[in-house]
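> here you go, sequence then predicted model.
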Amino acid sequence: LFMSDTFVNPFTDFGFKRLFGTEPNKHLLISFLNTLLPAKHQIQDLQYTKNEYQGYTALDRKAIFDLTCTSTTGERFIVELQKAKQNFFKDRSVYYSTFPIQEQAIKGDWDFKLAAVYTVGILDFVFEEDVKNHDTDVVHTIQLKNQHHQVFYDKLTFIYITLPQFKKNLNELKTIQDKWFYAFRHLSELDDIPPVLQESVFLQLFEAAKIAKFTPVERQAYEDSLKYYRDLKNVTDTARGEGFEDGKELGKQQGIEIGKEIGKEEGIAIGEEIGERRGEQKAMKKTVKALKSSGMTVELIAKSLSLTESVVLELLKED
């Protein structure tokens, strides 16, 4: 139970906003982001931008910040910070990255020159394709490139941090980035501040994260946020895993049957492809049903999984 924890879990909406989404703590956010951004865009100062995006759900609003940043050379650029959800993550990232681009439009004559935009996603999961490809990178930097792998447009950059891939222990922490990744991943598991993290910025992080300093109202808000995070993560992880494996095996069996007619090897290959698709469908169905059983409404399930309510109702009807 959270009552025995010393420090807040930064993967919860409440914890993420408390540590990184308030004016008094923006120096923590600047320190963290500067470990990810290039030398030309090191942040000197930032302002939180309040935007009401179309289609923005209450859940998303808690976990996405738009930041107008000023570099050490005086250049202005935009960082969008997301505490990312697993379902349709890439789609969500691309969708939300369009808003800080569009909002730069100037009425009247305008030459369309844009400020740089960075989308930073903090993930507590690993992409399935990375698992398949044995990709162990923690930081993924993505830009739009042409067929020769040359950067076509350098003002839109996606930076994804897959924190489960960060495996360093305390003795291996060398850089400020290492220390931030460790703190983010292990903060809620710690009872005190490790010696290697006893420098100014991390002492301030741990101070802001102390649950004992919360008011009764803040404690209740955090408890609710932590329960929601744990329930959704457990249900999603379990359902996705079981559903994917069930569907994959079913598809493989179908492939063997197809293989009797068109050649076994080709049939198994087709079957595995069918299995991948069926596995994804079955995983989504299991996730929806598990969330409904845990007491979530159809509306909340739809918002959490980026589905329409009609699709959720269809999935709930299926056997």
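Received the coordinates, thanks.
> quick check: Leu144 touching Val151?
Yes - under the criterion of Cβ atoms under 8 Å, Leu144 makes contact with Val151 at 7.2 Å. (C-beta placed from N, C-alpha, C; glycine too.)
> quick check: which ranges of the stretch 51-200 of the chain have low pLDDT?
51-63, 84-87, 107-110 (pLDDT under 70).
> mind listing the helices for it?
Under the criterion DSSP state H, counting those that start in this stretch, the stretch 51-200 of the chain contains helices at 58-63, 89-102, 128-132, 176-186, 200-208.
> Tyr222: how many residues sit nearby?
Tyr222 has 21 neighbouring residues, counting by other Cβ atoms under 10 Å.
> just the element for it, please.
helix 216-262 (DSSP states H and E).
> Leu313 is in contact with Thr297, isn't it?
No - between Leu313 and Thr297 there is no contact under Cβ under 8 Å: 11.6 Å.
> packing partners of the host helix or strand of Leu46?
Per DSSP H and E: Leu46 is located in strand 43-49. Applying 3 or more Cβ pairs under 8 Å, 6 or more residues apart in numbering; DSSP states H and E, we find strand 43-49 packed against helix 26-34, strand 64-71, strand 76-83.
> let's have these in JSON lines, adding distance to Thr162.
Output for those, formatted as JSON lines (distance: least, Cβ to Cβ, whole Å):
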{"stretch": "helix 26-34", "distance to Thr162": "16"}
{"stretch": "strand 64-71", "distance to Thr162": "18"}
{"stretch": "strand 76-83", "distance to Thr162": "13"}
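> got a list of contacts for stretch 148-155?
114-117, 143-146 (Cβ atoms under 8 Å, 6 or more residues apart in numbering).
> check the contact between Thr157 and Thr119; I expect there is one.
Yes - contact criterion Cβ under 8 Å: Thr157 and Thr119 qualify, at 7.4 Å.
> look up how far Phe125 lies from Ser131.
Careful, residue 131 is Val; it's not Ser. Per Cβ to Cβ, to the nearest Å, Val131 is found 10 Å from Phe125.
> of those two, who's got more company?
Phe125 (17 against 10).
> ok, back up a step: what subset of the contacts of stretch 148-155 is buried?
Under a neighbour-count criterion of 16 or more other Cβ atoms under 10 Å, the subset of the contacts of stretch 148-155 counted as buried comprises 114, 116-117.
> rewinding a little: so which of the helices of the stretch 51-200 of the chain is the most surrounded?
helix 176-186 (a mean of 20; mean count of other Cβ atoms under 10 Å).
> wait, which of the helices and strands packed on strand 43-49 is closest to Leu187?
Nearest to Leu187, of all the helices and strands packed on strand 43-49, is helix 26-34, at 11.8 Å by Cβ to Cβ.
> so what touches that closest one?
By Cβ under 8 Å, 6+ apart, helix 26-34 touches 19-20, 42-43, 45-46, 48, 67, 69, 79, 81, 120, 176, 180, 184, 201, 204-205, 208.
> one step back: just the angle for the strand holding Leu46 relative to strand 64-71, thanks.
140 degrees (axes from the mean of the first three to the mean of the last three Cα atoms, to 10 degrees).
> tell me the angle of strand 43-49 relative to helix 26-34?
Using the same axes, to 10 degrees: strand 43-49 against helix 26-34 is 110 degrees.
> who's in contact with strand 43-49?
Contacts for strand 43-49 (Cβ under 8 Å, 6+ apart): 21, 23, 26, 29-30, 33-34, 37, 65-72, 78-79, 100.
> and the residues you listed, which are buried?
21, 26, 29-30, 33-34, 37, 65-67, 69, 71, 78-79, 100.
> most widely separated two among the residues you listed?
So, these by Cβ to Cβ: farthest apart are Gly21 and Ser71, at 21.3 Å.
> that older thread, export the strand holding Leu46 to PDB, keeping only CA atoms.
Extracted in PDB, the C-alpha atoms of strand 43-49 (Å, rounded to 0.1, in the frame of the first residue of the first chain):
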ATOM      1  CA  ILE A  43      17.000  25.200 -21.700                       C
ATOM      2  CA  GLN A  44      17.700  28.400 -19.800                       C
ATOM      3  CA  ASP A  45      14.100  29.000 -18.800                       C
ATOM      4  CA  LEU A  46      10.700  27.600 -19.600                       C
ATOM      5  CA  GLN A  47       7.000  28.500 -19.200                       C
ATOM      6  CA  TYR A  48       4.100  26.100 -19.000                       C
ATOM      7  CA  THR A  49       1.600  26.700 -21.800                       C
END
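> can you give the strand pairings for that strand, parallel or anti for each?
The strands beside strand 43-49 in its sheet (DSSP bridges) come out as strand 64-71 (antiparallel).
> angle of the partner strand against helix 89-102?
Using the same axes, to 10 degrees: strand 64-71 against helix 89-102 is 50 degrees.
> can you list contacts of strand 64-71?
20-21, 29, 33, 40-49, 51, 76-83, 96, 99-100.
> try it again with 7 Å
Outside strand 64-71, the residues that touch it by Cβ atoms under 7 Å, 6 or more residues apart in numbering are 21, 40-49, 51, 76-82, 96, 100.
> noted, bye for now.
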